[in-house]
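Asks: Here's my sequence, what's the structure:
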Amino acid sequence: MTVPVSNLESHLGYWLRLVSNHVSHAFRLKVEARGVTVAEWVVMRALFDCDGLNPSHVADSIGLTRGAVSKLLDRLIAKDLVRCRSERSDRRYQIVGLTASGRRLVPILAELADQNDREFFDHLGAKRSADLLGILRSICQQGGFSGVPVE
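Replies: Next comes the predicted model:
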């Protein structure tokens, strides 16, 4: 007796991954055309609402390791999008924040994210988009998923 084998297309995970891959790829191309990676955008967005943060706070807020955030910050500093300063009382304690050019770039990148969402999801309409968002949030809450997806 043979056990029936389900088709790939019969799994919700298949469709989620297919959509996610296309949405993520399109967004990656958009932000890379502006000189940053998606992971760098995530760090910049985390810094946008603050005057300055400790790198470990940035890591905790976006769910990446301190080492990964340190590498991202180094790249952003080299691109003159982020600045780093040490506290006078303790030179080991660093504060990072956006430079003027980084601060100008974040709203541009946010608009690219909004544009990407419109391109992929506007056809759903407001109600179905809100329903989908609620379903996805519910799945994340039920699964205990946290952190910011950067890849």
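
Asks: From now on I want contacts and neighbour counts done on CA atoms only, so please keep to that.
Replies: Will do.

Asks: so Cys84 sits in a strand?
Replies: Yes: secondary structure of Cys84 (DSSP: H, G, I helix; E, B strand; the rest coil): part of a strand.

Asks: in the chain, which ranges drop under the pLDDT threshold?
Replies: Regions of the chain meeting the criterion pLDDT under 70 cover residues 87-92.

Asks: Break down it into its helices, ranges please.
Replies: Counting by DSSP state H, the chain has these helices, from start to end: 12-32, 38-48, 55-62, 66-78, 100-121, 125-143.

Asks: So which elements touch the first one?
Replies: Using 3 or more C-alpha pairs under 8 Å, 6 or more residues apart in numbering; DSSP states H and E as the contact criterion, the elements in contact with helix 12-32 are helix 38-48, helix 100-121.

Asks: now swap in the fifth one and tell me
Replies: In terms of contacts (3+ C-alpha pairs under 8 Å, 6+ apart), helix 100-121 is packed against helix 12-32, helix 38-48.

Asks: Try it again at 10 Å.
Replies: When contacts are defined as 3 or more C-alpha pairs under 10 Å, 6 or more residues apart in numbering; DSSP states H and E, helix 100-121 packs onto helix 12-32, helix 38-48, strand 82-86, strand 94-98, helix 125-143.

Asks: Tell me which residues are up against it.
Replies: The set of residues that contact helix 100-121 without belonging to it, under C-alpha atoms under 10 Å, 6 or more residues apart in numbering, is 19, 22-24, 26-28, 30-32, 34, 36, 38, 41-42, 44-49, 76-77, 79-83, 97-99, 122, 124, 128-129, 132.

Asks: what do you get if the cut-off is 8 Å, keeping everything else the same?
Replies: Here helix 100-121 makes contact (C-alpha atoms under 8 Å, 6 or more residues apart in numbering) with 23, 26-27, 30-31, 34, 41, 44-45, 48, 80-82, 129.

Asks: Check the fourth one too.
Replies: Residues from elsewhere that reach helix 66-78, judged by C-alpha under 8 Å, 6+ apart: Ala39, Glu40, Val43, Pro55, Ser56, Val58, Ala59, Asp60, Val82, Arg83, Cys84.

Asks: Give me the neighbour count for Gly134.
Replies: Counted with other C-alpha atoms under 10 Å, residues neighbouring Gly134 total 12.
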